[in-house]
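J.: A structural model of the following input is requested.
(one chain, ligands or ions: 1)
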Amino acid sequence: MKKILLASLLAISTLAYTQTEKKEIAIIPQPLSVKQGTGYFNLPQNVVIAAAVQKGLAQTIAVLKDRLSVSAGSKITVTNTSPNATIRLVLNSAADKAIGKEGYQLSVTNKNITIKANQPAGLFYGVQTLLQLFPKEIESTIPVKNIKWEAPVVEITDVPRFGWRGLMFDVTRHFFTKAEVKQFIDDMVRYKYNLLHLHLTDDEGWRIEIKGLPKLTEVGAWNVKKTGYFGTFTPPTADEPKSYGGFYTQDDIKEIVQYAKERFVDVLPEIDVPGHSLAAVVSYPELSCTPEANQYRVRSGEVIMDWSHGAPPIALVDNTLCPANEKVYEFLDKVMTQVAQLFPFEYIHVGGDECPKNYWEKNEAIKGLMKREGLKSMEEVQSYFEKRLEKIVESKGKKFMGWDEILEGGLAPSAAVMSWRGIKGGIEAAKMKHDVVMSPTTFAYLDYMQGDPIVEPRIYASLRLNKTYEFEPLPDGVDAQYIKGGQANLWSEQIYNMRHAQYMMWPRGFAIAEALWSPKEKRNWTDFFSRVEKHFERYDVAEKKYAPSVYDPIFTATKTADGQLKIELDKEVDALDIYYSFDNSFPDNYYPKYTSALVPPKDAVMLKVITYKGKKPVGRMITMPIAELKIRAEKKK
Ligand code: ACM
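T.: A predicted model of the protein is given here:
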C-alpha cells in the first residue's frame, strides 16, 4: 500500500515537473531583444540579492523578496555587495545610452542573474521581466511544492518605445478605495505601465478633498446606490439615502502618489470641467449659469443627457460650470492650487469633453460674455474658458492638458491634447506643435464590451482584444516628438467592483502595454496571443480575474437570398473549435463542430455554442436566442 502511495506521489510530482518543463519565454510586453541560451538558472533555497545602491530600489527588492519567498519558499538575504550574489541589481555608473531612463539589461546564466540599468526604474522593469521567466507558480500567494524554480538562460536588452504608458481609472462613476487604487497600481506596473490617470470629478462624484470647499466632498461625493444598467436608472427619490460613494482625503492622495512613485508611476489628476461637473454644481450651485441648479442632486446613473443628436449632447440638467461667472475662476484657482501641491506630476488634466451648450445658449450672462469678448460660437465660449483655465493651471507651475474637445474654438497656447475621439484631434494638435497623448476609443477604451453583448455586461460599443492589439499611437506623417505616448481608459459606469475592473482591464491591458512598450516591428498577433495564454495561466495561479471573451465566437447574422436566417461564427484566434446545438441542450466536443454558415431549423429558438481548444473548453457556454439573431439580421439589411 505504502509502495503504491509512494509511486503515485512520485507520479504526481513528475507530472508537476513536466508541466513546468516547457520553458518558452513569454514576456509581455515583448522586450526589444531576447537571446535565449541553453540551460537554466535554478533558484536556490538561499537567495542573496546584491543591490549596490539602495536608493530608489526599495520596491524593486520588496517585489523580488515577496515573490521568491512566498511561492518558492526561498530565504532571501539582501546585501550591498556580494561576490557570490544570486541576483545582482546594478545601477550603471556611466549611463548606457541604448537603454535610456527606463530600459534594462537582464542576464540569466546557469549560475546567477544580473540586471543592469541606468536608473532605478530600469531595475524595477528588469525585475518584472525576470519574474515572468520563472514558472507561473511564482504568482501563487501560498507556498508551492514540487516545482523546479527555473528560469531559462537568456540575455535581454529592453527599452520602452514611449515614455507615456498610461491607464486611466475612473473613480467617479463608481468609487474605488485607496486600497483598490493601490491594487490597480500593483497590477499595472507588472506590465510596465508608468502613468495612472485618475479621473477624479464627474457628474456622479467629486472624489478629492479640497480645503476651504468642504461641500465638494460632504455633498458632491455621495449619491444613491443603484444596481442594474447605469445610465438607465430611475431618478433617486427624496427618501433614498445618498450614502454611496466616497472620496480621498488629501492624506489619502499623498499616500497614493507616494505608493505610485515608489513603483515608478506618475499620477495625472483630472478635474473634468466645464462639463461633467454636476457634483461640483450640486455642492456649490452658484457655479452654474442656471438658477434651478440649487434643486439638482449628484447623479446616480439616471438619464441626464440626450445623445440622440450626437455630440455635444443636449443636457437635461445643466451639468456645466458657467464660463461667464468670475466665481467659477476663483473656485478653479482654489482647486488647482491644491491639486498642484498634491500631485507632483508636471500635468494637470482639466477634462473639457462632452460639454453641453444648450443651457449656455439661452443664458444672458453668456450672451454678455460673448459680446464683451467677441466670441462667435459656443465652441469659442468654451475655448475662452479653457484659455483662462490654462493660465490658472500654469500659474501653479503645471502644464495644461485636456480631452480633444479643447481644440474646438481655438486651442489654448501651450495645451497638451489627449485624443480620444479617434486619433484625428491628436494629429491636428501635433501638427500645431502641441504635445499629444493618444487614447482613441477605437483601440483603447477598456470600458467597451470585449465580446458579444449577449454575454458581456452591456455597453454601447465593442472593442475586442485583437482590435486593441492594433493600437498604433504614432500615426504616419506626424512628428514623433509631439506624441508622448498613449493610454487606455477604464471608465467605470458599468464597473461596480474591483473584480470586474480586472475583467475589463485584462487581457486588453496586455495589448496596450505592448503597443506602448515594444518595438513596432515586433508586433505579431499570433505570437502575442500565445503569450497571453501563458499569462492567463499566471492570472489563474494569482487568482486574478481576466476576460476569456477572446475565446468566444463572433456572431454574424444575415439573410439568405430566400429570406432565411444565416448565422456565421467567426474566431478571434485560430486553433479553436466551436461546437453548437439548436436543441437547447448544452454542446460539448461531441456535438456538431461549426465549419460553415448555419441556417437554423425552422422552429429552433436557441443557438447554443461553446469553444474548445483540443479537448478543453475555453470559451463560455453561450445561449443565443434565434429571435435576437433575426433582429440583428434585420438591422444589417
Ligand atoms: C471621454 O471619453 N468622454 C473622454
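
J.: Pull out the buried residues from stretch 464-471.
T.: By 16 or more other CB atoms under 10 Å, the buried positions in stretch 464-471 come out as 464-469, 471. (Each C-beta comes from the backbone N, C-alpha and C, glycine too.)

J.: Then stretch 143-162?
T.: Neighbour-count burial for stretch 143-162 flags 144, 147, 149-154, 156-162 (criterion: 16+ other CB under 10 Å).

J.: before we move on, back to that, TSV for the buried residues of stretch 464-471, including secondary structure, distance to the ligand and pLDDT?
T.: Compiled in TSV, the buried residues of stretch 464-471 are given as follows (DSSP: H, G, I helix; E, B strand; the rest coil; distance: CB to the nearest ligand atom, whole Å; pLDDT from 0 to 100):
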residue	secondary structure	distance to the ligand	pLDDT
464	coil	19	98
465	helix	20	98
466	helix	22	98
467	helix	17	98
468	helix	16	98
469	coil	21	98
471	coil	16	98
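
J.: just to revisit the earlier point, what's the lowest-pLDDT member of the buried residues of stretch 143-162?
T.: Taken together, the buried residues of stretch 143-162 show their lowest pLDDT at residue 147, with 93.

J.: so what's residue 290 closest to, chain neighbours aside?
T.: Spatially, and ignoring its direct neighbours in sequence, residue 290 is nearest to residue 318 (4.0 Å; CB to CB, 6 or more residues apart in numbering).

J.: I meant residue 240, not that one.
T.: Per CB to CB, 6+ apart, closest to residue 240 is residue 224, 4.5 Å.

J.: With residue 179 as the reference, measure out to the residue nearest to residue 290.
T.: The gap separating residue 318 from residue 179 is 35 Å, by CB to CB, to the nearest Å.

J.: repeat for residue 146
T.: Taken as CB to CB, the span from residue 146 to residue 179 is 34 Å.

J.: So, low pLDDT: which residues of the stretch 51-200 of the chain?
T.: Within the stretch 51-200 of the chain, the stretches with pLDDT under 70 are 53-54.

J.: so where do the strands sit in it?
T.: 75-79, 87-91, 104-108, 113-117, 150-158, 164-170, 195-199 (DSSP state E, counting those that start in this stretch).

J.: nearest to residue 517, of these?
T.: strand 164-170 (6.3 Å; CB to CB).

J.: That closest one near the ligand at all?
T.: No - judged by CB under 6 Å from any ligand atom, strand 164-170 stays clear of the ligand, getting no closer than 8.7 Å.

J.: if I read this right, residue 557 contacts residue 569, doesn't it?
T.: No - using CB atoms under 8 Å, residue 557 is not in contact with residue 569; the gap is 10.4 Å.

J.: just to revisit the earlier point, wait, what's in contact with the residue nearest to residue 240?
T.: 236, 240-244, 300 (CB atoms under 8 Å, 6 or more residues apart in numbering).

J.: First-to-last residue distance for stretch 544-564?
T.: 43 Å (CA to CA, to the nearest Å).

J.: pLDDT score for residue 289?
T.: Predicted confidence (pLDDT) for residue 289: 94.

J.: Got the phi and psi for it?
T.: When read as degrees, to the nearest 10, the backbone of residue 289 gives phi -80, psi -10.

J.: so what's it closest to, chain neighbours aside?
T.: Spatial nearest neighbour of residue 289, excluding adjacent residues (CB to CB, 6+ apart): residue 322 at 3.8 Å.

J.: What about the one you found, how many residues nearby?
T.: 25 (other CB atoms under 10 Å).

J.: ok, back up a step: tell me the buried residues within the contacts of residue 224.
T.: Among the contacts of residue 224, those classed as buried by 16+ other CB under 10 Å are 236, 240, 244, 300.

J.: ok, so of those, who is nearest residue 527?
T.: Closest to residue 527, out of all of these and judged by CB to CB, is residue 244, at 44.2 Å.

J.: so the nearest residue to the closest one once chain neighbours are set aside is in which element?
T.: In space, and not counting its chain neighbours, residue 244 is closest to residue 225: 3.7 Å by CB to CB, 6+ apart. Assigned by DSSP states H and E, residue 225 belongs to neither a helix nor a strand.

J.: Just to check, residue 225 is in contact with residue 242?
T.: No - using CB under 8 Å, residue 225 is not in contact with residue 242, being 9.2 Å away.

J.: what touches both of those two?
T.: Overlap of the contact sets of residue 225 and residue 242 (by CB under 8 Å, 6+ apart) is empty.

J.: any idea how far the residue lying closest to residue 628 once chain neighbours are set aside is from the ligand?
T.: Nearest residue to residue 628, sequence neighbours excluded (CB to CB, 6+ apart): residue 454, at 6.6 Å. Residue 454 sits 25 Å away from the ligand, going by CB to the nearest ligand atom, to the nearest Å.

J.: pLDDT below threshold where in the chain?
T.: For the chain (pLDDT under 70), the answer is 1-23, 53-54, 637.

J.: and the closest residue to the ligand within the stretch 501-637 of the chain, helix, strand or coil?
T.: Minimum separation of the stretch 501-637 of the chain from the ligand (CB to the nearest ligand atom) falls at residue 504, amounting to 14.7 Å. Recorded secondary structure, residue 504: helix (DSSP: H, G, I helix; E, B strand; the rest coil).

J.: Let me see the contact set for it.
T.: Contact analysis of residue 504 by CB under 8 Å, 6+ apart lists 446-447, 450, 490, 495, 547.

J.: Would you format those residues as JSON lines with neighbour count and distance to the ligand included?
T.: Rendered in JSON lines, the data for the contacts of residue 504 read as follows (neighbours: other CB atoms under 10 Å; distance: CB to the nearest ligand atom, whole Å):
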{"residue": "446", "neighbour count": "24", "distance to the ligand": "11"}
{"residue": "447", "neighbour count": "23", "distance to the ligand": "9"}
{"residue": "450", "neighbour count": "24", "distance to the ligand": "17"}
{"residue": "490", "neighbour count": "23", "distance to the ligand": "11"}
{"residue": "495", "neighbour count": "24", "distance to the ligand": "14"}
{"residue": "547", "neighbour count": "23", "distance to the ligand": "20"}
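
J.: which one among these gets closest to residue 587?
T.: residue 547 (21.4 Å).

J.: returning to what we had before: let's see which of the contacts of residue 504 end up in strands.
T.: Residues of the contacts of residue 504 located in strands (DSSP state E): residue 490.

J.: would CSV of the contacts of residue 504 with distance to residue 591 be doable?
T.: Below are these laid out as CSV (distance: CB to CB, whole Å):
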residue, distance to residue 591
446, 34
447, 34
450, 25
490, 37
495, 35
547, 25
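
J.: how about the residues of the stretch 251-400 of the chain near the ligand?
T.: So far as CB under 6 Å from any ligand atom goes, the stretch 251-400 of the chain lies against the ligand at 353-354.

J.: at 5 Å instead, please
T.: residue 353 (CB under 5 Å from any ligand atom).

J.: Near the residue of the stretch 251-400 of the chain found nearest the ligand, how many other residues are there?
T.: Here the stretch 251-400 of the chain gets closest to the ligand at one residue, residue 353, 3.9 Å apart by CB to the nearest ligand atom. The tally of other residues near residue 353 (other CB under 10 Å) stands at 18.

J.: That one touches residue 272, doesn't it?
T.: Yes - contact criterion CB under 8 Å: residue 353 and residue 272 qualify, at 7.1 Å.

J.: thinking again about what came up before, from the contacts of residue 504, pick the one nearest residue 25.
T.: Closest approach to residue 25 among these (CB to CB): residue 547, at 24.5 Å.

J.: Please give me every residue in contact with the closest one.
T.: Residue 547 neighbours (CB under 8 Å, 6+ apart): 450-451, 503-504, 506-508.

J.: picking that back up, so what's the residue nearest to residue 290 up against?
T.: Residues in contact with residue 318, defined by CB under 8 Å, 6+ apart, are 281, 288-290, 292-293, 296, 356, 359.
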